[in-house]
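Engineer: Quick one, structure for this:
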Amino acid sequence: MIKHSATLAVNEKISALRAAGKPVLHLGFGEAGLPVLPEIGAELASAAGQNAYGPVVGSASARASVAGYFTRRDLPTDPEQAILAPGSKALLYAALAALPGDLVLPTPSWVTYAAQAALVGKRVIGVPVPGEAGGVPDPALLEPALAAARREGADPKLLVLTLPDNPTGTAAGADLVKAVCEIADRHGLVIISDEIYRDLTYVPEAHLSPASLLPERTIVTGGLSKSTALGGWRVGFARMPAGELGRSTTERIVGIASEIWSSLAMPMQAAAEFVLSEPTSVTDHVAACRRLHAAVSSAVHSAFVEAGAECRTPSAAFYVYPDFEQLRPELTSAGIRTGAELADALLDNHGVGVLAGEHFGDTPSAYRFRVASSLLYGETEDQRWQALRSENPVELPWIADALDRLRTALRSLV
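Structural biologist: All right, here's what the predicted structure looks like:
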């Protein structure tokens, strides 16, 4: 049985604690935590009367906007390669259902991939990520893992990459992406590249999509949940590869979509078309979001390093992934033996909510967990706008107070 998504479950648990009057520092949920740009809201409102069913793949104009978005990122795209859906989760599921073979995943990786693979009856072959960054399997371990999986009867044919990565908040560099793609090419793997955080890479020009290297065998997914903080609107899109694989997979995805979600709501398509056409108001807003995420996640990273954790330096999105292995003797003495127990102790004893690494496929005994910094920007819309516009957001009183609470909790941990 597939359990309640760990990310949604921790968000609901923390919300219930807060509703009961318990102060909790919410670092457990990967919501972008920012207000809606008024121009985007106006587009949605103006399209509210569009209540007819649209095409399963999206309207011609919305697909053209998706194609333009990718083309401006050095991935020339025809509108026929674009699909829109109610969230990138739906497209990821449809792609896994449409394509044959078992799934290779970097470990740790976003909780949904393995759960969706289980839903469609695929085995998961986990491969640890390298020390430099998450989101890709360690190239030195990938081929041995493929060989071992085949000896055990698995049929690895799909590889999901997350560029940039959730849960580590890092962006794999070009050398890593190239090395992984070379191995995928040798073994005939189809790549699903989840690039929903692409526009939140702190150095955007450093991003290299596998679709640039293996264009005939790479599906790219994205959405508006992260870069424009529209998670609850559920707007996702995909770029299918040109050629026979892309055409046949699109046909199967359309069949799946037509029986599950029919189409993305037309008002949401209008909003997506506006955002993906990238007027200056949108690009300026995304740039401000990126600066805020970078500033606060970097401050959170520093707090964990000061407390004795090993932690990759964040280079994208709004996550860090600390490892408290150095404190194992002290934590074991305190009765904390697993990452989940450490996460429970942080929440129950110190009012800090995080998500244990085992939910991302990590080793349960490891003292690792994902920290999301994006809900620290303020309790009100006015505070969040101030955070977006601030030249030094970590000095705003409510963010500075949250960081102080975090440092105090970490000092009290052992």
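
Engineer: contacts and neighbour counts: CA atoms only from here.
Structural biologist: Fine.

Engineer: Find the centremost residue of this structure, please.
Structural biologist: Nearest residue to the geometric centre of the chain (CA atoms, centre = their mean): residue 166, 4.5 Å.

Engineer: Verify the contact between that one and residue 110 for me.
Structural biologist: Yes. Residue 166 is within contact range of residue 110, at 5.8 Å (criterion: CA atoms under 8 Å).

Engineer: burial measure for residue 244, as a count.
Structural biologist: Neighbourhood size, residue 244 [other CA atoms under 10 Å]: 11.

Engineer: What are the boundaries of the strands in the protein?
Structural biologist: Taking DSSP state E as the test, the strands found in the chain are 25-26, 82-85, 102-107, 124-128, 156-162, 190-194, 218-223, 236-239, 319-320, 352-353, 355-356, 369-372.

Engineer: For the residue of the chain most remote from its centre, give its distance to residue 311.
Structural biologist: Distance to the chain centre peaks in the chain at residue 333, reaching 34.7 Å (criterion: CA atoms, centre = their mean). The gap separating residue 333 from residue 311 is 23 Å, by CA to CA, to the nearest Å.

Engineer: Kindly report the same for residue 400.
Structural biologist: Between residue 400 and residue 311 the distance is 21 Å, computed by CA to CA.

Engineer: got it, and residue 392?
Structural biologist: From residue 392 to residue 311 the distance is 23 Å (CA to CA).

Engineer: neighbour count winner among the two?
Structural biologist: residue 311 (18 against 13).

Engineer: Tell me how far that one lies from residue 265.
Structural biologist: Taking CA to CA as the measure, residue 311 falls 40 Å from residue 265.

Engineer: With residue 104 instead?
Structural biologist: Distance, residue 104 to residue 265, using CA to CA: 32 Å.

Engineer: Compare the two (neighbour count), which wins?
Structural biologist: Taking neighbours as other CA under 10 Å, residue 104 and residue 265 compare with residue 104 leading, 28 against 24.

Engineer: for that one, what are its contacts?
Structural biologist: Contact partners of residue 104, counting by CA atoms under 8 Å, 6 or more residues apart in numbering, are 124, 125, 126, 127, 156, 157, 158, 159, 160.

Engineer: Turn those residues into a markdown table, including neighbour count.
Structural biologist: Below are the contacts of residue 104 laid out as a markdown table (neighbours: other CA atoms under 10 Å):
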| residue | neighbour count |
| --- | --- |
| 124 | 21 |
| 125 | 22 |
| 126 | 21 |
| 127 | 24 |
| 156 | 24 |
| 157 | 18 |
| 158 | 26 |
| 159 | 23 |
| 160 | 25 |
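
Engineer: Need the max-distance pair from those residues.
Structural biologist: Spanning the widest gap among the contacts of residue 104 are 127 and 157, at 14.2 Å by CA to CA.

Engineer: one step back: mind telling me which of the strands of the chain the model trusts least?
Structural biologist: Among these, strand 25-26 has the lowest mean pLDDT, at a mean of 90.

Engineer: which helices and strands does it pack with?
Structural biologist: Judged by 3 or more CA pairs under 8 Å, 6 or more residues apart in numbering; DSSP states H and E, the packing partners of strand 25-26 are strand 352-353, helix 397-411.

Engineer: Which residues does it contact?
Structural biologist: 14, 351, 352, 353, 354, 375, 376, 402, 405, 406.

Engineer: The same query, at a cut-off of 7 Å, please.
Structural biologist: With CA atoms under 7 Å, 6 or more residues apart in numbering as the test, strand 25-26 has contacts from 351, 352, 353, 375.

Engineer: Reformat those as a markdown table; add distance to residue 259.
Structural biologist: Converted to a markdown table, the contacts of strand 25-26 look like this (distance: CA to CA, whole Å):
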| residue | distance to residue 259 |
| --- | --- |
| 351 | 43 |
| 352 | 41 |
| 353 | 37 |
| 375 | 35 |
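
Engineer: which among those gets closest to residue 21?
Structural biologist: Using CA to CA, the contacts of strand 25-26 come closest to residue 21 at residue 351, 11.7 Å.

Engineer: thinking that closest one is in contact with residue 22, fair?
Structural biologist: No. Using CA atoms under 7 Å, residue 351 makes no contact with residue 22, being 8.0 Å away.

Engineer: more crowded one of these two?
Structural biologist: Per other CA under 10 Å, whichever of residue 351 and residue 22 has more neighbours is residue 351, with 20 against 12.

Engineer: Could you measure from the more buried one over to residue 33?
Structural biologist: 19 Å.

Engineer: Check residue 316 too.
Structural biologist: Between residue 316 and residue 33 the computed distance is 15 Å (CA to CA).

Engineer: Thought residue 365 was touching residue 324, still the case?
Structural biologist: No. Counting by CA under 7 Å, residue 324 stays clear of residue 365, with 11.1 Å between them.

Engineer: Residue 251 versus the nearest residue in space to residue 281 that is not next to it in sequence, what's the distance?
Structural biologist: Here the nearest residue to residue 281 in space, its sequence neighbours aside, is residue 39; by CA to CA, 6 or more residues apart in numbering that works out to 7.6 Å. Distance, residue 39 to residue 251, by CA to CA: 35 Å.

Engineer: And for residue 140?
Structural biologist: The gap separating residue 140 from residue 251 is 35 Å, by CA to CA.

Engineer: mind listing what's buried in the helix ranked longest in the chain?
Structural biologist: The residue-count maximum for a helix in the chain (DSSP state H) belongs to helix 280-306. Buried residues in helix 280-306, counted by 16 or more other CA atoms under 10 Å: 282-283, 285-294, 296-301, 303-305.

Engineer: what's the spacing between it and its chain's center?
Structural biologist: Between the mean C-alpha location of helix 280-306 and the chain-wide mean there is a distance of 15 Å, by CA atoms, centre = their mean, to the nearest Å.
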